[in-house]
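S.K.: Test case, fold it:
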Amino acid sequence: MECVFGLVGDGFAVIAADTSAVNSILVHKSNEDKIMILDSHKLMGASGDMVQFTEYIQKNVHLYQFRNGIPLTTAAAANFTRGELATALRKNPYFVNILLAGYDKETGPSLYYIDYIATLHKIQKGAFGYGSYFCLSMMDRHYHSGMSVEEAVDLIDKCIMEIWSRLVVAPPNFVIKIVDKDGAREYAWRETIKDAGVAAA
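M.R.: Model (predicted):
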């Protein structure tokens with residue numbers, strides 16, 4: 001039931017993800033942030049065995065910058081991530097799917113799709129998880145190059161509404177993050193329920 005999707009607009013890239021932590025028929029929490037800020041200008045939206053792997057990538061991206069004094073480009077970070085998945089594939093594979101978005105001064109915004117078998121593609125729009133069945137068709141219909149932030153967020157909201165109205169196991173909450181020349185940051189939450197506090201014993 002995990003849903004992660006994103007697109008590239010005019011000078012920015014945006015990623016949205018559901019916030020449900022689920023195991024089998026149990027929902028453990030509904031405010032799990034599945035979009036990690038890798039560095040000042042990179043976002044990684046992930047599903048699957050995400051926590052260990054995304055933290056591993058984040059720390060290695062930081063290590064490269066500390067050692068060399070310059071950050072990895074988005075393309076370099078995507079290729080490093082793909083390489084780590086490919087290396088692990090025949091040893092102890094990570095079952096994780098990734099959308100990696102970033103902004104570089106030279107090339108502008110970009111979005112990369114990396115799946116659990118280490119396939120890497122540079123894309124303009126993409127999605128995975130059960131929600132992708134609805135998001136990809138909405139994006140095919142409404143996406144165009146050079147979208148403004150308002151147009152992109154409106155399309156993201158259309159995708160979320162389609163998931164909520166048509167997916168049987170639709171997650172209740174989504175987080176939206178954006179990356180542009182000003183950096184990577186949280187943009188908004190779309191919530192239908194909030195986690196209740198645990199009652200004192």
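
S.K.: show me where pLDDT drops low in the protein?
M.R.: Using pLDDT under 70 as the threshold, the predicted model of the chain has low-confidence ranges 1, 195-201.

S.K.: in it, which spans are strands?
M.R.: In the chain, the segments counted as strands under DSSP state E are 3-8, 12-18, 21-23, 26-29, 35-39, 42-48, 96-104, 108-114, 120-123, 125-129, 174-180, 183-190.

S.K.: Next, the contact list for Gly129, please.
M.R.: Gly129 is in contact with Met1, Glu2, Cys3, Val4, Asp18, Ser47, Asn97, counting by Cβ atoms under 8 Å, 6 or more residues apart in numbering. C-beta: built from backbone N, CA, C; applies to glycine.

S.K.: one step back: make TSV from the strands of the chain and add distance to Ala86 to it.
M.R.: What follows is the strands of the chain, written out as TSV (distance: least, Cβ to Cβ, whole Å):
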stretch	distance to Ala86
strand 3-8	21
strand 12-18	23
strand 21-23	27
strand 26-29	30
strand 35-39	19
strand 42-48	16
strand 96-104	13
strand 108-114	10
strand 120-123	9
strand 125-129	18
strand 174-180	25
strand 183-190	25
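
S.K.: Go ahead and flag the most central residue of the protein.
M.R.: Gly45 (2.0 Å; Cα atoms, centre = their mean).

S.K.: what sits against that one?
M.R.: So, once contact is read as Cβ under 8 Å, 6+ apart, Gly45 ends up touching 4, 6, 15-17, 34-36, 98-101, 177.

S.K.: Same list, these, but as JSON lines with neighbour count please.
M.R.: Compiled in JSON lines, these are given as follows (neighbours: other Cβ atoms under 10 Å):
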{"residue": "Val4", "neighbour count": "27"}
{"residue": "Gly6", "neighbour count": "31"}
{"residue": "Ile15", "neighbour count": "27"}
{"residue": "Ala16", "neighbour count": "31"}
{"residue": "Ala17", "neighbour count": "28"}
{"residue": "Lys34", "neighbour count": "26"}
{"residue": "Ile35", "neighbour count": "23"}
{"residue": "Met36", "neighbour count": "20"}
{"residue": "Ile98", "neighbour count": "27"}
{"residue": "Leu99", "neighbour count": "27"}
{"residue": "Leu100", "neighbour count": "28"}
{"residue": "Ala101", "neighbour count": "28"}
{"residue": "Lys177", "neighbour count": "24"}
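
S.K.: so Tyr112 makes contact with Thr73?
M.R.: No: between Tyr112 and Thr73 no contact is recorded; they are 11.2 Å apart, counting by Cβ atoms under 8 Å.

S.K.: the more surrounded of those two?
M.R.: Each of Tyr112 and Thr73 has its neighbours counted (other Cβ atoms under 10 Å); Tyr112 has more, 24 against 17.

S.K.: ok, so what distance separates Leu100 from Gly11?
M.R.: 18 Å (Cβ to Cβ, to the nearest Å).

S.K.: If you could redo that for Trp189, that was the one I meant.
M.R.: Plainly put, Trp189 is 23 Å away from Gly11 if you go by Cβ to Cβ.
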